[in-house]
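Engineer: Take this sequence and fold it.
(one chain, ligands or ions: 2)
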Amino acid sequence: MDIVGNVLPQVLKDEATEDKGEMARLQSFVGAIAVADLVKTTLGPKGMDKILKPTGPGQEMTHITVTNDGATILKSMYVENPAAKILIEISKTQDEEVGDGTTTVAVLAGELLREGEKLIQKRIHPQHVIAGWRIARDVALKRLRDISTENDINSQEFHDDLVKIARTTLSSKLITSDRDYFADLCVKAVLRLKGSSNLDYIQIIKLPGGTIRDSYLDDGFILKKQITIGCKRRIENAKILVANTAMDYDKIKIYGTKVKVNSMDKVAEIEAAEKEKMKHKVDKILKYQPTVFVNRQLIYNYPEQLLADSGITVIEHADFEGMERVAAATGAEILSTFDAPERSQQVLGHCDLIEEIMIGEEKMIKFTGCKKNEACTIVLRGASTHILDEVDRSIHDALCVLITTVKNKRVVWGGGNSEMQMAAACEEEAKKVQGKQAFAIEAFGRALRQIPTIICDNGGYDSAELIQNFKVELQKGNYTCGLNMTDGTIGNMSELGVKECLRVKEQALMAASEAAELIMRVDDIVKCAPRKRERA
Ligand code: ADP
Ligand code: MG
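Structural biologist: Ligands and ions are numbered 1, 2, ... in the order given. Predicted coordinates for the structure are as follows:
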């Protein structure tokens, strides 16, 4: 040992360091478990929220975030520990892939490592642990798929399932009391998509003011912009040209290109030429015969005047996202050159009515009866921007999960049901396997059982007793049982309507076990020396 200690500093140059064997592993375990413990208390419908506060100068209190969402918490954390980073990464991936289960995945990986640490203390080699975990994961996955059910996509049952899934996803978030209202709203929005998975068609607008209950779903598309003064405020049967092109010309531009002239007349000449060019461009646009012109960039007075004079309604300076959505919803193409007016039929978007509306105190433009009729808008109202942001995140989660469910169709019971069943499968398997792997398989089951245990703990209930009762109920063959988090008992999930999407659980299981395995494999952490600037 001493020899290694003496030699190493000579092997690694400068500030590079190395942590070996036990030390390295311990360091990863501690990091990963610490991260998992941090989000643990937010798990489940009675989970607590966290306040995220930025550090550093210039970061005022207005930038704080109040959230219950695992991914949001983890994303904003600044950590140095490599294993902790892996956990943060899987939570992020979970968020991107399926939108929910972001806390579950981190907690499960943490619990797996906690069990793994105990196994290593018992002198079981990491490779045996990993081998056991792999068997356990497959068994658990098989059980999970076996217990999932599928309904016909057009049936009332499927529709009910969607509402239940949305409710379960929303139940842990800020808006618990309003979850039925929002579950319904999200399902309606997703069903409008008719199987498409393009979330762009569902737009969320946040407007401080009013109460959460004033939020509503509006068909059609709403753009947070105003119609330029002097244009028509109501256009029926609109033909929309969506563009991203420069419609400004002025001195700054000319100066920017460094044109040297020797008299003011010359400047005026250049300006006139620019003006002429602009007129030419407008003429080209007019050839497409649109009735509405939406541009990403600013439109200056002169071209605006030209367009308005031709009876075209102008919307300028649309934000990029808004513009892409207008294009998607109305079936338009985004143009930046205007040389093919013969394609006007294909590139122009259509909608039945464009009008200016008022939401709260703000004026907006509403597009109704769009060509792609899937488009709709969720208008969120609420007392403060913090609440609105959290509602927005929750709704986004719910929409993602619903879209995943519509694609995948398979559902499982929530309230810890699937985890308990998977744990049972692992336990059964452990009895059949010879060798040390069996310990690891058992441990995998225990880690899975920690999910319902933590959900119980977070509700302030006696988890030891409840989980034991839960086990017994399942053993008896009561396969729809689960945690009743209002009474603190084991209840019937089909009566309580707690359902979850299979994909969310699958993804959480796979990602957590992969991450745990990855961290388990580590036996060496090498810190590379910082790269130095080459001397000139
Ligand atoms: P995640 O970020 O992982 O989705 P959540 O805080 O949303 O974490 O908690 C999800 C867990 O809470 C799931 O295991 C789910 O089954 C459980 N759960 C959600 N709603 C209920 C409920 N009403 N009763 C019992 N369990 C619930
Ligand atoms: Mg959730």
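Engineer: what does the chain put close to ligand 1?
Structural biologist: Selection of the chain residues close to ligand 1 by Cβ under 6 Å from any ligand atom yields 42-45, 47, 70, 100-104, 168, 171-172, 414-416, 451, 455, 483, 485, 498, 500. (Each C-beta comes from the backbone N, C-alpha and C, glycine too.)
Engineer: How many residues are close by the closest residue in space to residue 261 that isn't next to it in sequence?
Structural biologist: The shortest distance from residue 261 to any non-neighbouring residue, by Cβ to Cβ, 6 or more residues apart in numbering, is to residue 267 (5.8 Å). When neighbours are defined as other Cβ atoms under 10 Å, residue 267 has 14 of them.
Engineer: Correct me if wrong: residue 267 contacts residue 273.
Structural biologist: No. Contact criterion Cβ atoms under 8 Å: residue 267 and residue 273 do not qualify, at 10.7 Å.
Engineer: need the helices for the stretch 51-200 of the chain, in chain order.
Structural biologist: 70-75, 82-97, 102-121, 126-147, 156-171, 179-192 (DSSP state H, counting those that start in this stretch).
Engineer: Mean neighbour count, distance to residue 245 and mean pLDDT added to the ones you listed, as CSV?
Structural biologist: Listed next are the helices of the stretch 51-200 of the chain as CSV, based on neighbours: other Cβ atoms under 10 Å; distance: least, Cβ to Cβ, whole Å; pLDDT from 0 to 100:
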stretch, mean neighbour count, distance to residue 245, mean pLDDT
helix 70-75, 24, 36, 84
helix 82-97, 21, 32, 88
helix 102-121, 25, 40, 92
helix 126-147, 19, 51, 93
helix 156-171, 21, 41, 86
helix 179-192, 20, 32, 86
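Engineer: Adding distance to residue 262 as columns, could you present the ones you listed in JSON lines?
Structural biologist: Formatted as JSON lines, these follow (distance: least, Cβ to Cβ, whole Å):
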{"stretch": "helix 70-75", "distance to residue 262": "58"}
{"stretch": "helix 82-97", "distance to residue 262": "59"}
{"stretch": "helix 102-121", "distance to residue 262": "65"}
{"stretch": "helix 126-147", "distance to residue 262": "79"}
{"stretch": "helix 156-171", "distance to residue 262": "69"}
{"stretch": "helix 179-192", "distance to residue 262": "63"}
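Engineer: shaky segments in the protein?
Structural biologist: Scanning the chain for pLDDT under 70 picks out the ranges 1-17, 21, 57-62, 174-177, 195, 249-259, 373, 529-530, 532, 534-536.
Engineer: Tell me which residue of it lies closest to ligand 2.
Structural biologist: Residue of the chain nearest ligand 2, by Cβ to the ion: residue 100 (4.4 Å).
Engineer: ok, that residue - contacts?
Structural biologist: 94, 169, 397, 398, 400, 401, 501, 504 (Cβ atoms under 8 Å, 6 or more residues apart in numbering).
Engineer: Where does the residue nearest to residue 261 sit, in terms of helix or strand?
Structural biologist: With elements taken from DSSP states H and E, the one containing residue 267 is helix 264-287.
Engineer: Can you give me the buried ones in that helix?
Structural biologist: Across helix 264-287, burial judged by 16 or more other Cβ atoms under 10 Å covers 270, 274, 278, 281, 282, 285, 286.
Engineer: which strands and helices sit next to that helix?
Structural biologist: helix 251-256, helix 301-309 (3 or more Cβ pairs under 8 Å, 6 or more residues apart in numbering; DSSP states H and E).
Engineer: 10 Å - rerun?
Structural biologist: strand 234-243, helix 251-256, strand 292-295, helix 301-309 (3 or more Cβ pairs under 10 Å, 6 or more residues apart in numbering; DSSP states H and E).
Engineer: What is the distance between that helix and the centre of its chain?
Structural biologist: For helix 264-287, the separation from the chain centroid amounts to 46 Å (computed by Cα atoms, centre = their mean, to the nearest Å).
Engineer: Neighbours of the closest residue to residue 76 other than its chain neighbours, how many?
Structural biologist: Spatial nearest neighbour of residue 76, chain neighbours left out: residue 52 (5.0 Å); criterion: Cβ to Cβ, 6+ apart. Here the number of neighbours of residue 52 (other Cβ under 10 Å) works out to 15.
Engineer: Now do the contacts for residue 52.
Structural biologist: When contacts are counted by Cβ atoms under 10 Å, 6 or more residues apart in numbering, residue 52 is found next to 63, 64, 65, 66, 67, 72, 73, 75, 76, 77.
Engineer: Buried ones only from those residues, please, as a PyMOL command.
Structural biologist: In PyMOL, a selection of the buried entries from the contacts of residue 52 looks like this (16+ other Cβ under 10 Å):
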select buried, resi 65+67+72+73
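Engineer: So which of the contacts of residue 52 belong to strands?
Structural biologist: Mapping those onto strands (DSSP state E) picks out 65, 66, 67.
Engineer: Near ligand 2, which residues of the protein? Just list them.
Structural biologist: Contacts of the chain with ligand 2, taken as Cβ under 5 Å from the ion, map to 100, 169.
Engineer: which ones are touching residue 207?
Structural biologist: 214-215, 224, 359-362, 364, 379-382, 385, 388.
Engineer: Shouldn't residue 203 be within a strand?
Structural biologist: Yes. Looking at residue 203 with DSSP: H, G, I helix; E, B strand; the rest coil, it is inside a strand.
Engineer: Identify the bridge partners of it.
Structural biologist: residue 377 (DSSP bridges).
Engineer: That one contacts residue 319, correct?
Structural biologist: No. With contacts counted by Cβ atoms under 10 Å, residue 203 stays clear of residue 319, the gap being 11.6 Å.
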